[in-house]
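Asker: give me a 3D structure for the following:
(one chain, ligands or ions: 1)
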Amino acid sequence: MSKPLPNSIYARDVEYLLHAATNARKHEETGPIVIDRGEGIHVFDDQGNKYIEAMAGLWSVAVGFGEKRLADAAYQQMLKLPYYHSFSSKSNEPAILLAERLVNMSPDKLSKVFFTNSGSEANDTVVKMVWYFNNARGKPNKKTFLARVNGYHGITMASASLTGLPVNHRDFDLPILPVKHLTCPHFWRFGLPGETEAEFTDRLAAELEQTILDAGPDTIAAFIGEPLMGAGGVLPPPAGYWTKVQEICRKYDILIVADEVINGFGRLGTMFACEYYGIEPDMLVVSKQITSSYQPLAAILFSDEIFQGIADNTAKIGTFGHGFTAGAHPVATAVGLENLDIIEERGLVAHAAEMGEILQRELRSRFTDHPLVGEVRGVGLIGAVELSADKATKQRFDPPGKAGAYLFARGHEHGVIIRAIGDQIAFCPPLIITEPEIMDMLDRFALALDETW
Ligand code: PLP
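Answerer: Residues are numbered from 1 along each chain as shown. The predicted model follows:
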């Protein structure tokens, strides 16, 4: 990419927009790639270049681009009722129907829904709900959250505090919450020399319990985690990890929050990752694939026990003083309902399981032995290839992220949009991807990889 021509759409982007997760000075030199339209697993830029969206946007577009049924659902709902709020007992039908549907399809324990517009707002809401609940049940000291290094829970003040990535804290004066970040459950990177996977799991469980005991169990409110970490690098936990985490949290009356903003709605080949790992959360956070991100929407599903505590308190103090103007939005929830219909009618969860096996097999067979690759990992239709300067010692590249950034750019040249998380390359294609499309995506990635270094 070269410096944008004066007055071009690219120059105007540089003039007026601050981009998310972007080096703003470098962006002035390169300008943006303007994505113009999408169809299936592909997007096209305004120059007509076609790319395979190997990341489904941002882990989002489950049913693919250009799905007319979702556009139609939004249009029809806009004509009927384009907006209403959920304050003071007001409601709307799509929000009610979607809440009912989410409860019916989710783990048994979860029985109520609160809607927000983004995953970050949802996790901020989780913090407030947990505090409100604990205050209501006479445990006001239970305030501290347990999260993990490399976990991602969003970028608003509370959710970014839960996030365990330095780039989201640095110079934002975060974290602001009482939060303790535990060891990242990624065996390949954080296992000690000579340690087995089972020993690694035991060490992390011991760390969790010791952290609780050191702080005092009456101060720890909740454990939040992505069942399979996404934005931190696609990091599946070691075997037995979630069983142990749950045992310990239950022992000390610590709520379990499963953040399935990426994992939810079929990504791992099960409707929710909680099924895949046998997690029984007290709260479940979903977003992204709930509407295939055609509309901004997130939801917190939570247990009856939490609802009863909150409801009792609203009776005592007069209200649940929390909510968003666009929460439970009728257009977003109507699109969510239609999106879940499509996922069900087309059997996309079973399809993701089937395609996921192919993706995982091909990633491993093609790239494990590549000289630049340290580890290949993933479950279902989410995977990663981690680049390493030295396979044997797992040494990182110097400077970290340079190889990933180069490969990311080479990918564009070869018509595939991947995501470089430092030197970890993520794949998270739309759930509708087919076997030939997986092959095409990986062929393009292989060309880019061979040109790196
Ligand atoms: N939680 C997880 C697991 C996520 O991956 C993300 C975003 O990627 C979020 C929360 C935040 O969601 P949003 O970007 O919609 O605020």
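
Asker: what about the strands in the stretch 251-400 of the chain?
Answerer: For the stretch 251-400 of the chain, the strands defined by DSSP state E, counting those that start in this stretch occupy 255-259, 283-286, 298-303, 373-379, 382-387.

Asker: adding mean pLDDT and distance to G31, write those out as TSV.
Answerer: The way it works is simple: take the backbone N, C-alpha and C, and place the C-beta from them, glycine included. What follows is those, written out as TSV (pLDDT from 0 to 100; distance: least, Cβ to Cβ, whole Å):
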stretch	mean pLDDT	distance to G31
strand 255-259	98	34
strand 283-286	98	35
strand 298-303	98	31
strand 373-379	98	32
strand 382-387	98	27
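
Asker: need those in TSV with mean neighbour count and distance to the ligand, can you?
Answerer: Below are the strands of the stretch 251-400 of the chain laid out as TSV (neighbours: other Cβ atoms under 10 Å; distance: least, Cβ to the nearest ligand atom, whole Å):
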stretch	mean neighbour count	distance to the ligand
strand 255-259	27	4
strand 283-286	28	7
strand 298-303	25	6
strand 373-379	21	15
strand 382-387	26	11
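
Asker: list the contacts for T116?
Answerer: Taking Cβ atoms under 8 Å, 6 or more residues apart in numbering, we find T116 in contact with 122, 125, 297-300, 324, 327.

Asker: kindly report the same for E53.
Answerer: Shown in contact with E53 (Cβ under 8 Å, 6+ apart): 38, 41-43, 61, 65, 417, 429-430.

Asker: residue numbers of this structure in contact with the ligand?
Answerer: Neighbours of the ligand within the chain, by Cβ under 6 Å from any ligand atom: 118-120, 123, 152-154, 226, 230-231, 259, 261-262, 287.

Asker: pick out the residue of the stretch 101-250 of the chain closest to the ligand.
Answerer: Going by Cβ to the nearest ligand atom, the ligand is nearest to G119 of the stretch 101-250 of the chain, at 2.3 Å.

Asker: same thing with the stretch 351-453 of the chain?
Answerer: Closest to the ligand within the stretch 351-453 of the chain is C428: 10.2 Å, counting by Cβ to the nearest ligand atom.

Asker: you'd agree that residue is up against R267?
Answerer: Yes. The pair C428 / R267 is scored as a contact, 7.2 Å apart, by Cβ atoms under 8 Å.

Asker: which non-adjacent residue is nearest the residue most central in space within the chain?
Answerer: The residue lying closest to the centre of the chain (Cα atoms, centre = their mean) is I262, at 3.1 Å. Nearest non-adjacent residue to I262, counting by Cβ to Cβ, 6 or more residues apart in numbering: G230, 3.7 Å away.

Asker: quick one: contacts for that neighbour?
Answerer: 59, 152, 261-263, 382, 426, 428.

Asker: phi and psi next, for it.
Answerer: Main-chain dihedrals, G230, degrees, to the nearest 10: phi -100, psi -80.

Asker: just F145 next, same as before
Answerer: When read as degrees, to the nearest 10, the backbone of F145 gives phi -100, psi 140.

Asker: same check, this time on S91
Answerer: Main-chain torsions, S91, degrees, to the nearest 10: phi -150, psi 180.
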